[in-house]
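Q: just a sequence and a predicted model for now, questions to come.
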Amino acid sequence: MNLNYEQLVERINLWNHAYYVLDNPLVSDAEYDLAFRELLALEADNPELVTPESPSQRIGLAPIAEFKKVEHGVKMLSLANAFSLQETFDFFDKAAKELDVSPESLAIFSEPKLDGLAITIHYQHGVFSYAATRGDGQIGEDVTHNIKTIKSVPLKLDTDTPPEQLEVRGEVFMPKAAFEKLNRLAGEQNTKVFVNPRNAAAGTVRQMNPKIAAARDLQFIPYGIGEYQGEHDFTRHSDIIDYLVSLGFRRNPHCYAFSGSFAAFTDNYQQMEQLRDSLPMEIDGIVYKIDDLATQIVLGFIARSPKWAVARKFPAQQVTTQLIGVDFQVGRTGVLTPVARLEPVFVGGVTVSNATLHNMDEIERLGLCIGDSVEIQRAGDVIPKVVKVVEQGEDRQPIIMPEDCPVCASPVARTEGQAAFRCTGGLICAAQSAERIEHYASRKCMNIVNLGTKLIELLYSKGIINTIADIYKIKLEDIATLEGQGEKSAQNVLDSIEAAKTTKLSTFLAALGIPEVGEGGSKNVAKYFKSLPAIQAASVEDLLQVPDVGPVTANSIVDFFHDARNQAIVADIINAGVHWEDEQHEPAQAQPLAGQTWVLTGTMAMPRHEAKALLESLGAKVAGSVSKKTNCVVAGAEAGSKLAKAEELGVKVMNEAEFLAAFRF
């Protein structure tokens, strides 16, 4: 080709951009392959020439051992959902009222909601730096090794004046054609077949080996920016998209701008619904945003979502199939949940062979029997569910709750007045053990910081721990000999276990996972009885004297501590050195909300258990429903009936920001 190294890199990157971003190939595959081989030969002979933006660097990374955590400088928020035209319009009508303008005056920008995985990509002085997943919005995982393989992601921004820092946020997805090719090859090789393009994209991004990701045709399309240090002064969201496209990113097809009238939303949605099946990628809705950035700033956010953007989801898909059986799964608290076994059917983008039936009351309500034809519904990532019986089967069989636990053979019992059936095996039931151990060690319980879910599952699978008491019997070699572990990490775990032996009685009670006994109930019981022996000896009548403890909770505590197997496990834990001071010795603190009743509703950025604990520390009672006696409701995103009830009764309502500003000292 007679090009120098820099020219060759520039030429191949230009071809890549034309092919993978513009869908406009400039050269034949043979000419491209010849140039790429020439580049690799040059780099092999002159390794000092290799630059970060070289196309060879997309798959130059070695497999990683683990995903590192990345803290986002600016939170990656999720969007509120709307499921109808009226909900969509009402969302922006509410924003318009807050701005004191008409909805029609709002400039709306719509873009197809790609069904993929949210990713953030960081550039320093125009050069790709690192990429991470959304995670919980605050902390994600470093997936640089795989995102660099995506050919529609520039390794160097196409500009002579790159910003000092640019964080590009967007969606990684697998086109329909690539998904079909991947599954066709998987079928030929008798390997795993993915159920939909979204799962295939997510699974690919979480591969340890970037060569696997490079072999699959992932795509990236940006939808906005996070951190930015540069010279541009953007006034509209659409300006940001135009800017990103000018830097070399792919544009989301079929984006539109229109005024916020009811008719305009109707026309836009109908147009996108008609286009949906013809698009080369899966979409599960439309994202609507107020285009003006200054207006976005004025409106701000509620908890985890902005007040200026909403995702209009496409309707749930429903299909008919046959119920061929019912299995009963046992959860952490011993609740047996009936799960429908179905003739496999494709619905909502996935192949469904199981669906939740919730409980026996739901089965009775549906009039459901094995052998019936049923309608299945699935929307987005929601667990599939049986909606109704379409046709009764000829040889239909009734669904019967087993008398004994299918895992440990302990009797199954139902508390009067409750829908749930529970295994009475408690701490000895294997189906409950792993999750009970995870619950016990979790941050909001015993807070054994280095004993995480994956390690617990590994130790449990090896038979090293079977109950929560076994945590205190773990030896250094039990962990150090495991794959990916060593003596240092093993010692860190043992140190964490030792440090967590000092706790509170209320925390220990909550960590035991007694059915119907949460953080609030544990605190009340510990404060009333002040010692574990007193709680273990308490009768139902004694427990009913505790504030906010009813018959169900009282019976559950008595049943738990009267079981000899549970007694033995608790005794082993105490003998291992777990201890606490009496609850009465806890220092008193100001309780400005003493005597008040508060309600939490909606999705909040602050974990719900932390918000509840904060209110209780200030003296408030946290209730599950709104009444005239409620003093205040804290409403997060997507607050529903409780918020409506509060507004109807004239109860004071705070958003999360107001709540934290007032009480998180």
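A: Yep, it's here.
Q: can you count the residues close to His237?
A: Applying other Cβ atoms under 10 Å, we find 23 residues neighbouring His237. C-betas here are computed from N, CA, C, even on glycine.
Q: now do Asn575
A: Asn575 is flanked by 10 other residues according to other Cβ under 10 Å.
Q: start the count at 9 instead of 1 going forward.
A: All set: I'll call the first residue 9, so the last point we hit is now Asn583.
Q: now do it against Thr515, distance only.
A: Separation of Asn583 from Thr515 (Cβ to Cβ, to the nearest Å) stands at 19 Å.
Q: what does Met289 give?
A: Relative to Thr515, Met289 is positioned 48 Å away (Cβ to Cβ).
Q: next one: Lys105
A: From Lys105 across to Thr515, the span is 45 Å (Cβ to Cβ).
Q: next one: Leu193
A: Going from Leu193 to Thr515 by Cβ to Cβ gives 51 Å.
Q: the two - which one has more neighbours?
A: Higher neighbour count among Leu193 and Thr515: Thr515, with 18 against 13, using other Cβ under 10 Å.
Q: name the helix or strand for the more buried one, please.
A: Assigned by DSSP states H and E, Thr515 belongs to helix 513-519.
Q: ok, Ala139 next?
A: For Ala139, the enclosing helix or strand under DSSP H and E is strand 135-141.
Q: elements contacting that strand?
A: Here strand 135-141 touches strand 125-132, strand 147-149, helix 152-155, going by 3 or more Cβ pairs under 8 Å, 6 or more residues apart in numbering; DSSP states H and E.
Q: what mean pLDDT would you report for that strand?
A: The average pLDDT within strand 135-141 is 94.
Q: and it with strand 125-132, angle?
A: 150 degrees (axes from the mean of the first three to the mean of the last three Cα atoms, to 10 degrees).
Q: can you map out the strands along the stretch 259-408 of the chain?
A: 264-267, 291-298, 309-310, 313-314, 317-321, 325-338, 344-355, 358-364, 381-386, 393-399 (DSSP state E, counting those that start in this stretch).
Q: Leu226 is nearest to which of those?
A: Evaluated with Cβ to Cβ, these place strand 291-298 nearest to Leu226, the distance being 16.3 Å.
Q: about what we covered before: most tightly packed of the strands of the stretch 259-408 of the chain?
A: strand 291-298 (a mean of 24; mean count of other Cβ atoms under 10 Å).
Q: rounded mean pLDDT for that strand, please.
A: Averaging pLDDT along strand 291-298 gives 94.
Q: that strand versus strand 317-321: what angle between them?
A: Following the same axes, to 10 degrees, one obtains 150 degrees for the angle between strand 291-298 and strand 317-321.
Q: show me what strand 291-298 is packed against.
A: helix 93-107, strand 115-122, helix 270-283, helix 301-307, strand 317-321.
Q: so which of the ones you listed is nearest Thr511?
A: For the helices and strands packed on strand 291-298, the distance to Thr511 is smallest for strand 317-321, at 41.9 Å, taking Cβ to Cβ.
Q: note down every partner strand of that closest one and its orientation.
A: Paired neighbours of strand 317-321 in the sheet (DSSP bridges): strand 88-90 (parallel), strand 291-298 (antiparallel).
Q: that's all I had, so thanks and see you.
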